[in-house]
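Q: got a structure for you, letters missing:
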């Protein structure tokens, strides 16, 4: 059995933009992924609302993806693959980051995974880096994410360069799905479904 860790933020957790509650497991893209891959794969969901790549959140706290990554890898090893989708929360106005800096942050996480011994036989797991889709029309989060829409459209190109730099697999989620028009950031159920299937295709390519 192959073990896959999905490390992400509220869109991996399954945040429903209509009511701020959590989608059922079968609706979340990770659940779609697990169902489509079948019994030969074990999918671990590691989504945290507000998680950043490497930045401490001065308001919400405990959101730094770098700080929890090594304990998470050690908890769940051996891992065959880590699916990494972070960066949307780095677009918050409070961080004042460029798309380039956000990609550099996610590159730090890829490097940590690749230097770990969390894979089979003490080797490193493979990495599938996913660039989150661009931010859509913002509503309740408009001030928090002021200026995020334009920067978010540049994430994919920078993430692809990071993937090339570190020699890991890459998926541009924006080529598959769109963010919800309800709040501009999270995913509607049909988009979760499409993303789950797209990730499953990439997983099969990587793990056979």
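A: That came in fine, so what should we check first? Since we're looking at a predicted model, the values are computed, not measured.

Q: got a list of contacts for stretch 39-50?
A: With contact meaning Cβ atoms under 8 Å, 6 or more residues apart in numbering, stretch 39-50 is reached by 1-15, 28, 30, 33-34, 37, 57, 60, 63, 65, 68, 72, 76, 89, 203, 207. Every residue, glycine included, has its C-beta placed from N, CA and C.

Q: any idea how far it is from the chain center?
A: With Cα atoms, centre = their mean, to the nearest Å as the basis, stretch 39-50 stands 11 Å off its chain's centre.

Q: circling back to that earlier point, now, which of the contacts of stretch 39-50 lie within helices?
A: 10-13, 30, 33-34, 37, 65, 68, 72, 76, 203, 207 (DSSP state H).

Q: picking up where we left off before, any of the contacts of stretch 39-50 buried? List them.
A: 2-15, 28, 30, 33-34, 37, 57, 63, 65, 68, 72, 76, 89, 203, 207 (16 or more other Cβ atoms under 10 Å).

Q: Point to the residue nearest the middle of the chain.
A: residue 85 (1.4 Å; Cα atoms, centre = their mean).

Q: Was I right to think that one contacts residue 8?
A: Yes - the criterion here is Cβ atoms under 8 Å, and residue 85 meets it with residue 8 at 4.3 Å.

Q: CSV for the ones in helices among the contacts of stretch 39-50, including pLDDT and distance to residue 173?
A: CSV is the format used below for the ones in helices among the contacts of stretch 39-50 (pLDDT from 0 to 100; distance: Cβ to Cβ, whole Å):
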residue, pLDDT, distance to residue 173
10, 98, 14
11, 98, 9
12, 98, 11
13, 98, 15
30, 98, 13
33, 98, 13
34, 98, 18
37, 98, 18
65, 98, 17
68, 98, 22
72, 98, 21
76, 98, 23
203, 98, 14
207, 97, 19
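
Q: ok, so of these, who is nearest residue 131?
A: residue 11 (12.3 Å; Cβ to Cβ).

Q: contacting residues around residue 17?
A: Residue 17 neighbours (Cβ under 8 Å, 6+ apart): 180, 182-183, 185-188.

Q: what about residue 107, how many neighbours?
A: Neighbours of residue 107 under the rule other Cβ atoms under 10 Å: 21.

Q: Report the buried residues of the host helix or strand of it.
A: Element membership of residue 107 [criterion: DSSP states H and E] is helix 99-114. For helix 99-114, a neighbour-count test (16+ other Cβ under 10 Å) marks 99, 101-103, 105-107, 109-110, 112-114 as buried.

Q: Starting from that helix, tell me the next helix or strand along the chain.
A: Helix 99-114 is succeeded, C-terminally, by strand 126-131 (DSSP H and E).

Q: which other helices and strands contact that following strand?
A: With contacts taken as 3 or more Cβ pairs under 8 Å, 6 or more residues apart in numbering; DSSP states H and E, strand 126-131 sits against strand 81-85, helix 99-114, helix 155-166, strand 169-172, helix 189-207.

Q: Quick one: work out the angle between the first one and strand 126-131.
A: What it means is strand 81-85. 10 degrees (axes from the mean of the first three to the mean of the last three Cα atoms, to 10 degrees).
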